[in-house]
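Enquirer: Whatever this is, show me its structure:
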Amino acid sequence: MKLTFAPLALLAAAPSTLAWTAGRAAPSLARTSLARTPFAAALYSVSTEVVGEEATESFRLAFKGEDGAISPWHDIPLKGSGDSYNMLVEIPKMTKAKMEVATKEENNPIAQDIKKGKLRDYHGPIFWNYGCLPQTWEDPNEEHPELKVFGDDDPIDVVEIGSSALAMGTVKEVKALGCIAMIDDGELDWKVVAVAVDDPLAEEYNDIDDVPMAVQDGIREWFRWYKTPDDKPLNGFGFDEKYLDAAETKKVIEETHESWKKLKDGTTEAGKLWIN
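Expert: Residues are numbered from 1 along each chain as shown. So this is what the prediction gives:
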């Protein structure tokens, strides 16, 4: 079974410069048209394919390119057009299934998280689109100089606060507005707050101070409390629980991108992570 994406084009202005540009959104689509310029010009497609049965341990959302399987973590570029970033949507807003990029599996498909042998669901829906930025990694070997905690071994997370529910597997250009340093079980787990560049709110929101305080507080408190129904402690936050602004957030994203580069080229030991 194949699903289709909102149309996107992968452009290469130079071999080392890649960006996705979004076309017209399609709510349940997972097919992507890609192009290179000014070098090779042929269009080719990237699609998602459902493997296994939804709501079972066998379910996977795999990604394919012209030449076969690709990794959404390693092969989709971090940068979008202009100052935007490409967000990979793992969990659509108002859903409960805890879906995530399977960083230890071949080609890193999206799968439902499993804890203690059971499929993991949130105890209530998440109110925003949730996912990650490709080509980033929070290094568990690197201690944050101020917070004195180590990365959580995952791509950096994104909370997209736009008005539309985005389908799982969607690659969406977003504007990074700010971030908050969540401390989860002693690990640093950054949450980037962003808005889709084609959302009407993108015209109003350029920095974290533009985001209503009710939304900022809502995100913080949702992530503070969401594990407590499982008898887990409250999550904490660094920097006096304050959000960092857009400029600082770009630095955080760049740091995680540099960590990913070291992981990808073998400078940092991958351990059990799958690297293509």
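Enquirer: Per-residue confidence at residue 117, what does it come out as?
Expert: If you check residue 117, the pLDDT there is 93.
Enquirer: Same question for residue 20.
Expert: 32.
Enquirer: Could you check how many residues crowd around the residue nearest to residue 137 when sequence neighbours are not counted?
Expert: Nearest non-adjacent residue to residue 137, counting by CB to CB, 6 or more residues apart in numbering: residue 260, 4.1 Å away. Backbone N, C-alpha and C define where each C-beta goes, glycine included. By other CB atoms under 10 Å, 24 other residues sit near residue 260.
Enquirer: from what I can see residue 260 touches residue 132, true?
Expert: No. The criterion here is CB atoms under 8 Å, and residue 260 misses it with residue 132 at 11.2 Å.
Enquirer: Nearest the middle, which residue of this protein would you pick?
Expert: Nearest to the mean C-alpha position of the chain, by CA atoms, centre = their mean, lies residue 132 at 0.9 Å.
Enquirer: Confirm for me that that residue is in contact with residue 88.
Expert: Yes. At 5.5 Å, residue 132 counts as touching residue 88 under the criterion of CB under 8 Å.
Enquirer: Which residues are in contact with each of these two?
Expert: Residues touching both residue 132 and residue 88 (CB atoms under 8 Å, 6 or more residues apart in numbering) are 73, 101.
Enquirer: Could you look up the SS state of the residue nearest to residue 137?
Expert: In three-state terms, and counting by DSSP: H, G, I helix; E, B strand; the rest coil, residue 260 is helix.
Enquirer: list the contacts for it?
Expert: For residue 260, counting by CB under 8 Å, 6+ apart, the contacting residues are 135-137, 155.
Enquirer: Give me the residues contacting the helix or strand in which residue 221 is found.
Expert: Element membership for residue 221 (DSSP states H and E) is helix 213-225. With CB under 8 Å, 6+ apart as the test, helix 213-225 has contacts from 126-128, 159, 161, 180, 182, 191, 193, 208, 234-237, 241, 243.
Enquirer: The same query, at a cut-off of 6 Å, please.
Expert: 159, 161, 182, 234-235 (CB atoms under 6 Å, 6 or more residues apart in numbering).
Enquirer: Residue 137 reaches residue 258, doesn't it?
Expert: No. In this structure, residue 137 is not within contact of residue 258 by CB atoms under 6 Å, at 9.2 Å.
Enquirer: These two - which one has more neighbours?
Expert: Legend: neighbour count by other CB under 10 Å for residue 137 and residue 258, higher for residue 137 (30 against 13).
Enquirer: Excluding chain neighbours, give the residue nearest to the residue nearest to the centre of the chain in space.
Expert: Using CB to CB, 6+ apart, the closest residue to residue 132 is residue 155 (3.9 Å).
Enquirer: Which stretches in the stretch 101-250 of the chain count as strands?
Expert: 110-112, 114-115, 118-119, 129-132, 150-151, 157-160, 171-184, 187-196, 236-237 (DSSP state E, counting those that start in this stretch).
Enquirer: related to what we said a few turns ago, which residues does the residue nearest to the centre of the chain contact?
Expert: 88, 155, 157.
Enquirer: so it bridges to which residues?
Expert: With DSSP bridges as the criterion, residue 132 is bridged to residue 88, residue 157.
Enquirer: For it, give me the pLDDT.
Expert: Residue 132 is given a pLDDT of 98.
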